[in-house]
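Trainee: coords please:
(2 chains)
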Amino acid sequence: MYALKELGKYTTLLYQALRSSTEFGTYRKNLFHELVKVGYDSVPIIILVGIFTGSVMTLQSAYQLEFAFIPLSTIGAIVSESILIELAAVISGLVLAGKVGARVATELGTMRVSEQIDALESMGFNSVSFLVVPRVLAGILMFPVLYIVASVFGIGGGLAAGYFSGSVPPADFLKGARMFFYPWNVVFGFLKSFVFGFIITTVACYKGYYAKGGAEGVGRATTEATVMGCIYILLADFILAALLL
Amino acid sequence: MKLSNEVKVGITVLLAVVVAIVGFRFMRDIPIFRQSMEISATFDRADGISSGSLVYIQGVRVGSVNRIALTPETRVNIRMRIDTDVPIPRGSIARLTSLGIVEGKSIVIELGTSDQFVEFGEEIEGIYAETMMEVLGQRGEELGDDVSNAIYELNMFLRQLNETLNDDARMTLNETLNNVSSTTGKVAEILEGKQQEIDTAIESGSRMLSQLDTLITDSRPQVEALMETIEKNIAELEGVRIELESAASNFNEILEKINRGEGTIGLLVNDPSMYENLDSLTIELNNLIKGINENPGRYLRHMSIIDIF
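Mentor: Sure, this is the predicted structure:
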């Protein structure tokens, strides 16, 4: 019953956001602020995540396949495909669930418990349009961008790790990466990052928007936003893979 | 310079889009800044080829597979993106093959010799080359059957050989070998037994030869004396012959004289009158004898037997 009530509140919030998404003038300034917070400010951490994911993948694949009777180019194929399909989207998603989700939930929760949202409402502002819509839009728009960054730096990091460790020559790595490169994988990765962006921001907005009980409530909302965001990302990852692959 | 939020977002999105497009084309092996060549080829099948598989000319990677489609004739049309400055002549052949046992499939373009070149989107001939692994896979069973048949037959042969060489046969073979061995032994024995005789024979032969040699050496002076005597005789004979010759010439002279009618014998021989006288005498004698025969009384009238005797 509790779950159904939560689902209903969540869906209602989404509906309100969708309906007020036409009020561009209300959230235009906030949208760009959020786009910078979600996208531009996350680029460094995403680059770091991408490089380390790719290089670790390469080193570990090379280690695991050391004695197997396979060409070295296979390692390039494994690394680049894994990054494009799965890792670039999911690992960035998990990192951003912490970075973006926590921030959004804390901001909205604090505004809720300090009755700023009520103040907005009493001044005649559409609080959903003013606070939720720009954050969700920023997530939807910026996560695919971050996916691109993560993919490029992931594959580049894998290539570099193979080169510097001497386990995989760059030519073999690229040969394998190109041989098994399917455009659909990129589309799939884009779709994933789009969905993850939506999940992280909506869950965080929901948890923060309906936070209650002072500082402790804000803390709980932030924790739940982060944890639930991660869980829903993994769940969505599974569902998308089951449906689309 | 303080960037406004809009600019920051714009930079981020623009860079991401550019990187995405470049990266995508890079991974698809499409040249990033220029339009590439595109050709197609139709194969019977396309096992192991996927979009992104590499295309080679003379072992150099020149492009990748772009699109794979099944034709209405259930063949496979493969479009390839070729990125090379070298033009591809008409009549070139695309061979779908494997570069190694563990490598994936690739397309190898064997260049033709025509002066005309393939245009964008044109189709060239495609050949699906079965790799060794596929042939092995398809014909492995057959091969296995053959091998097992061969082994079976070999087994049969060995078994038959074994059966042929059963205990009896083995015994016979053994006996034969024993016989041969004993025969050889006997021959050796005989040779051993007769050894002395053979030795003796050889010794006497050798002695005989040496005696002969001694004999020849010993009798040499006698022989020489004999030869000398013979030579002397021959010289004497020569003298005899000369005397005989002179005798013969004397005799010749005598005969010549006779021929010429000199002397008594010469006249006798050469004068025919004597022969004629003799001849007429003979005839008259004949007539006389005939007359006596025919008429004895005529001649005997005057004679009586008693008178005569």
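
Trainee: Give the helix, strand or coil label for residue B:254.
Mentor: What DSSP: H, G, I helix; E, B strand; the rest coil gives for residue B:254 is helix.

Trainee: before we move on, what about residue B:108?
Mentor: Criterion first, three-state DSSP; result for residue B:108: strand.

Trainee: Residue B:60 is in contact with that one, correct?
Mentor: No - counting by C-beta atoms under 8 Å, residue B:108 sits too far from residue B:60 to count as a contact (10.3 Å). C-betas here are computed from N, CA, C, even on glycine.

Trainee: which of these two has more neighbours?
Mentor: Using other C-beta atoms under 10 Å in any protein chain shown as the criterion, residue B:108 and residue B:60 rank with residue B:108 on top: 19 against 9.

Trainee: Could you give the bridge partners of that one?
Mentor: residue B:56, residue B:95 (DSSP bridges).

Trainee: Residue A:64: neighbour count?
Mentor: A count of nearby residues for residue A:64, using other C-beta under 10 Å, gives 11.

Trainee: ok, it to chain B distance?
Mentor: Distance, residue A:64 to chain B, by C-beta to the nearest C-beta, to the nearest Å: 17 Å.

Trainee: which of the residues in stretch A:7-17 are buried?
Mentor: Counting neighbours by 16 or more other C-beta atoms under 10 Å in any protein chain shown, one finds that the buried residues in stretch A:7-17 are A:10, A:13-14, A:16-17.

Trainee: Okay, now the unreliable bits of chain A?
Mentor: Scanning chain A with the threshold set as pLDDT under 70 gives A:68.

Trainee: If we use 80, what do you get?
Mentor: A:66-70, A:245 (pLDDT under 80).

Trainee: and it, which of its residues are near chain B?
Mentor: With C-beta under 8 Å from any C-beta of the partner chain as the criterion, chain A meets chain B at residues A:32-33, A:35-36, A:39-40, A:43, A:69-71, A:80, A:141-142, A:144-146, A:148-149, A:151-152, A:155, A:175, A:177-183, A:186.

Trainee: The same query, at a cut-off of 7 Å, please.
Mentor: Within chain A, the positions adjacent to chain B are A:32-33, A:35-36, A:39-40, A:43, A:69-71, A:145, A:148-149, A:152, A:177-182, A:186 by C-beta under 7 Å from any C-beta of the partner chain.

Trainee: Mind giving me the PyMOL command for buried ones among these?
Mentor: Here is the PyMOL command that selects the buried residues among the residues of chain A next to chain B (16+ other C-beta under 10 Å):
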select buried, chain A and resi 32+33+35+36+39+40+43+71+145+148+149+152+177+178+179+180+181+182+186
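
Trainee: Which residues of chain B lie near chain A?
Mentor: Counting by C-beta under 7 Å from any C-beta, the residues of chain B close to chain A are B:5-6, B:8-9, B:12-13, B:16, B:19-20, B:23-24, B:27-29, B:51-54, B:64, B:102-104.

Trainee: and these, which are buried?
Mentor: For those, a neighbour count by 16+ other C-beta under 10 Å gives the buried set as B:5, B:8-9, B:12-13, B:16, B:19-20, B:23-24, B:27-29, B:51-54, B:64, B:103-104.

Trainee: Give the other helices and strands that the helix or strand hosting residue A:236 contacts.
Mentor: In the assignment (DSSP states H and E), residue A:236 maps to helix A:214-244. Here helix A:214-244 touches helix A:88-96, helix A:102-113, helix A:183-209, going by 3 or more C-beta pairs under 7 Å, 6 or more residues apart in numbering or on different chains; DSSP states H and E.

Trainee: Count the residues that sit near residue B:74.
Mentor: Here the number of neighbours of residue B:74 (other C-beta under 10 Å) works out to 8.

Trainee: and it, that's in a strand?
Mentor: No - Residue B:74: not assigned to a strand; according to three-state DSSP it is coil.

Trainee: What distance do you get for it to chain A?
Mentor: As for residue B:74, its distance to chain A is 24 Å (criterion: C-beta to the nearest C-beta).

Trainee: Please apply the same query to residue B:184.
Mentor: Look at residue B:184 and chain A: by C-beta to the nearest C-beta, they are 62 Å apart.

Trainee: Equivalent analysis for residue B:146, please.
Mentor: Taking C-beta to the nearest C-beta as the measure, residue B:146 and chain A are separated by 28 Å.

Trainee: ok so, going back, for the helix holding residue A:236, list every residue counted as buried.
Mentor: Buried, per 16+ other C-beta under 10 Å, within helix A:214-244: A:217-218, A:220-222, A:224-226, A:228-230, A:232-233, A:236-237, A:240.

Trainee: isn't residue B:95 right up against residue B:110?
Mentor: Yes - assessed by C-beta atoms under 7 Å, residue B:95 is found in contact with residue B:110 at 6.1 Å.

Trainee: More neighbours: which of the two?
Mentor: More crowded of residue B:95 and residue B:110, by other C-beta under 10 Å: residue B:95, with 17 against 14.

Trainee: ok, that one - contacts?
Mentor: Listed by C-beta atoms under 7 Å, 6 or more residues apart in numbering or on different chains, the contact partners of residue B:95 are B:108, B:110, B:127, B:129.

Trainee: possible to save those residues as a markdown table with pLDDT?
Mentor: A markdown table is the format used below for the contacts of residue B:95 (pLDDT from 0 to 100):
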| residue | pLDDT |
| --- | --- |
| B:108 | 87 |
| B:110 | 86 |
| B:127 | 84 |
| B:129 | 79 |
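
Trainee: Just give me the neighbour total for residue 87.
Mentor: As the question left the chain open, I've gone with chain A. 22.

Trainee: not what I meant, chain B
Mentor: For residue B:87, the neighbour count with other C-beta under 10 Å is 13.

Trainee: and if you look at residue B:140?
Mentor: Count around residue B:140 with other C-beta under 10 Å applied: 11.

Trainee: what do you get for residue A:109?
Mentor: Neighbours of residue A:109 under the rule other C-beta under 10 Å: 29.

Trainee: so it touches residue A:209, yeah?
Mentor: No - Residue A:109 is not in contact with residue A:209 according to C-beta under 7 Å; the separation is 8.1 Å.

Trainee: remind me which residues of the stretch 151-300 of chain B are low pLDDT?
Mentor: Ranges of the stretch 151-300 of chain B meeting pLDDT under 80: B:164-170, B:258-272, B:274-275, B:295-300.

Trainee: in it, what residue is nearest chain A?
Mentor: Closest residue of the stretch 151-300 of chain B to chain A, C-beta to the nearest C-beta: residue B:151 (29.2 Å).

Trainee: Not counting stretch B:110-118 itself, show me its contacts.
Mentor: Stretch B:110-118 is contacted from outside by B:39, B:57, B:87-93, B:95, B:124, using C-beta under 7 Å, 6+ apart.

Trainee: among these, which are in helices?
Mentor: Of the contacts of stretch B:110-118, none are assigned to helices by DSSP state H.

Trainee: Using the centroid of chain A, identify the residue furthest from it.
Mentor: Going by C-alpha atoms, centre = their mean, the residue of chain A most distant from its centre is residue A:69, 37.1 Å out.

Trainee: which non-adjacent residue is nearest the residue sitting nearest the centre point of chain A?
Mentor: Geometric centre of chain A, nearest residue: residue A:93, 2.9 Å, by C-alpha atoms, centre = their mean. For residue A:93, ignoring the flanking residues on the chain, the nearest one in space by C-beta to C-beta, 6 or more residues apart in numbering or on different chains is residue A:196 at 3.8 Å.

Trainee: And the strand or helix carrying residue A:133, what does it pack against?
Mentor: Using DSSP H and E, residue A:133 sits within helix A:133-165. Under the contact definition 3+ C-beta pairs under 7 Å, 6+ apart, helix A:133-165 sits against helix A:2-20, helix A:24-38, helix A:43-64, helix A:73-82, helix A:88-96, helix A:170-179, helix A:183-209, helix B:5-27.
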